[in-house]
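**Q** Got a sequence here, can you build the structure:
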Amino acid sequence: MQVQRYFEVSLKNRKTEYMRDEPRPQPCVRSLLPHYGDTPCWYLARHPRPTVKIGSNPSDFWKMP
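**A** All right, here's what the predicted structure looks like:
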């Protein structure tokens with residue numbers, strides 16, 4: 001399935017900036033629960049654009065998944 005991640009970056013002036021990543025294929029499994037780190041296909045179909053929140057602290061950038 002194609003998944004496009006969005007990054008929500010909190011800036012120091014209390015504003016939020018949104019950046020998007022290019023769409024990438026993500027493996028999924030046809031089951032009710034995840035297997036070996038792969039997300040179920042039904043979950044990816046309902047959540048094709050996950051948002052990753054990054055704080056205003058510069059060290060938060062390296063804590064991205």
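**Q** How far does stretch 23-40 sit from its chain's centre?
**A** Its chain's C-alpha centre and that of stretch 23-40 lie 14 Å apart, by C-alpha atoms, centre = their mean, to the nearest Å.
**Q** now swap in stretch 42-50 and tell me
**A** Remark: stretch 42-50 is offset 10 Å from the chain centroid, using C-alpha atoms, centre = their mean.
**Q** Tell me who's in contact with residue 5.
**A** Neighbouring residues of residue 5 by C-beta atoms under 8 Å, 6 or more residues apart in numbering: 20-21, 24, 49-52. Heads up, the C-betas are built off the backbone N, CA and C, glycines and all.
**Q** Report the two of those separated the most.
**A** The widest separation within the contacts of residue 5, taken as C-beta to C-beta, falls between 24 and 51 and amounts to 15.3 Å.
**Q** got a list of what the closest residue in space to residue 27 that isn't next to it in sequence touches?
**A** Of all residues not flanking residue 27 in the chain, residue 38 sits nearest, at 5.2 Å (C-beta to C-beta, 6 or more residues apart in numbering). By C-beta under 8 Å, 6+ apart, the residues touching residue 38 are 27-29.
**Q** pLDDT and secondary structure for these - can I get that in JSON lines?
**A** Below are the contacts of residue 38 laid out as JSON lines (pLDDT from 0 to 100; DSSP: H, G, I helix; E, B strand; the rest coil):
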{"residue": "27", "pLDDT": "91", "secondary structure": "coil"}
{"residue": "28", "pLDDT": "92", "secondary structure": "strand"}
{"residue": "29", "pLDDT": "94", "secondary structure": "strand"}
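**Q** where does residue 32 land in three-state SS?
**A** Assigned by DSSP: H, G, I helix; E, B strand; the rest coil, the conformation of residue 32 is coil.
**Q** Leaving out sequence neighbours, find the closest residue to it.
**A** Per C-beta to C-beta, 6+ apart, closest to residue 32 is residue 40, 6.6 Å.
**Q** Next: residue 53.
**A** residue 8 (4.8 Å).
**Q** related to what we said a few turns ago, buried subset of the contacts of residue 38?
**A** Buried subset of the contacts of residue 38 (neighbour count, 16 or more other C-beta atoms under 10 Å): 28-29.
**Q** what's the closest of the contacts of residue 38 to residue 14?
**A** Using C-beta to C-beta, the contacts of residue 38 come closest to residue 14 at residue 28, 36.9 Å.
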